[in-house]
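Novice: Sequence plus predicted model, see below.
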Amino acid sequence: MSLPKSSNANNDVQLWQQLKQGSELALGKLIKLYFNLLINYGFKFVKDEAFVKDCVQDVFISIWTHRDTILTPNSIHAYLLSSVRRRILREKVRQRMEDHSTINNLDNEAELFDFSHEWLLIEQDSLNEMTLKVSELLNKLPKRQREVLYLRFYQNLERTEIAEIMGVNEQSVSNHLQSAFKNFKDNWQYFSILFGFILKIYL
């Protein structure tokens, strides 16, 4: 489940500052707050629970190890997602290099980012078929559009935060969102379901 926008923003900063001062309790609280959320995000890239958990754990270990020099990010939420994303893609590259595979770039490594029908959180049995269709349509979108939709409407992040995570500018984020919705508007029946899902998140 995504975190409500600004629900823990101030608390996160306080925990981060306490962590920088050497508080293991603060580290533990941040892990408890974000561990499952980060696992969920990482699993969009790699369907390997053990691998994703290792990457998330490595991120927290790195933060703790470098706590004396690490800066306080504008958004702890976005920073953690970005760190896990980079760690997963870097580890995938490293593994493929060890297997003597050809690597083009990190963007290609994000191609497994996908949606399951559970992501839509629609419970009515009568909508099951349409829900599956929506997830199919989502997975036909280009990988960047899929990830932007996930970060915007499931993780409830602002465009600036999404840009930071994905390493692009804000205009690119807006363009991906507009393109994704344009693709869905060609299927109005299913677009209305997606729009209804988005409203459920914000109401």
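Specialist: The structure has been received and is ready for your questions. Numbering: from 1, shown residues only.
Novice: Quick check: which ranges of this structure have low pLDDT?
Specialist: Along the chain, segments meeting pLDDT under 70 span 1-8, 96-134, 184-203.
Novice: Break it down into its structural domains.
Specialist: For the chain, automatic domain parsing gives the domain ranges 9-107, 114-202.
Novice: Make TSV out of those domains and add mean neighbour count.
Specialist: Just so you know, the C-beta spots here come from the backbone N, C-alpha and C atoms, and that holds for glycine as well. Shown next, in TSV, are the domains of the chain (neighbours: other CB atoms under 10 Å):
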stretch	mean neighbour count
domain 9-107	16
domain 114-202	16
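Novice: so is Asn74 in a helix, a strand, or just coil?
Specialist: coil (DSSP: H, G, I helix; E, B strand; the rest coil).
Novice: Hmm, Glu49 is touching Phe43, no?
Specialist: Yes - contact status for Glu49 versus Phe43: in contact at 7.0 Å, counting by CB atoms under 8 Å.
Novice: And the closest residue to Leu19 other than its chain neighbours, which helix or strand is it part of?
Specialist: Once flanking residues are discounted, Leu19 sits nearest to Ala26: 4.3 Å by CB to CB, 6 or more residues apart in numbering. Taking DSSP states H and E as the definition, Ala26 sits inside helix 24-42.
Novice: which other helices and strands contact that helix?
Specialist: Using 3 or more CB pairs under 8 Å, 6 or more residues apart in numbering; DSSP states H and E, the elements in contact with helix 24-42 are helix 9-20, helix 49-65, helix 76-98.
Novice: Reformat those helices into TSV and put distance to Gly167 next to each item.
Specialist: Converted to TSV, these look like this (distance: least, CB to CB, whole Å):
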stretch	distance to Gly167
helix 9-20	22
helix 49-65	16
helix 76-98	8
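Novice: For Asn169, find the nearest of the ones you listed.
Specialist: Across these, Asn169 has its closest neighbour in helix 76-98 (14.8 Å, CB to CB).
Novice: Show residues contacting the closest one.
Specialist: 3, 9, 12-13, 15-16, 30, 34, 38, 41-42, 45-46, 51-52, 55-56, 58-59, 62-63, 73, 102-103, 106, 109-110, 151, 155, 157, 161-162, 164-166 (CB atoms under 8 Å, 6 or more residues apart in numbering).
Novice: what's the answer for stretch 164-181, then?
Specialist: 75, 78-79, 81-82, 85, 141-142, 144-149, 151-152, 157, 159-160, 162-163, 191.
Novice: Filter these down to just the ones in strands.
Specialist: Assignment to strands by DSSP state E places none of the contacts of stretch 164-181 there.
Novice: what about stretch 68-86, start to end distance?
Specialist: 21 Å (CA to CA, to the nearest Å).
Novice: Sorry, slip of the keys, the one I care about is stretch 137-151.
Specialist: 17 Å.
Novice: Distance check, Asp48 against Glu147.
Specialist: As judged by CB to CB, to the nearest Å, Asp48 and Glu147 stand 18 Å apart.
Novice: now do Lys53
Specialist: Counting by CB to CB, the gap from Lys53 to Glu147 is 20 Å.
Novice: Many thanks, we can stop here.
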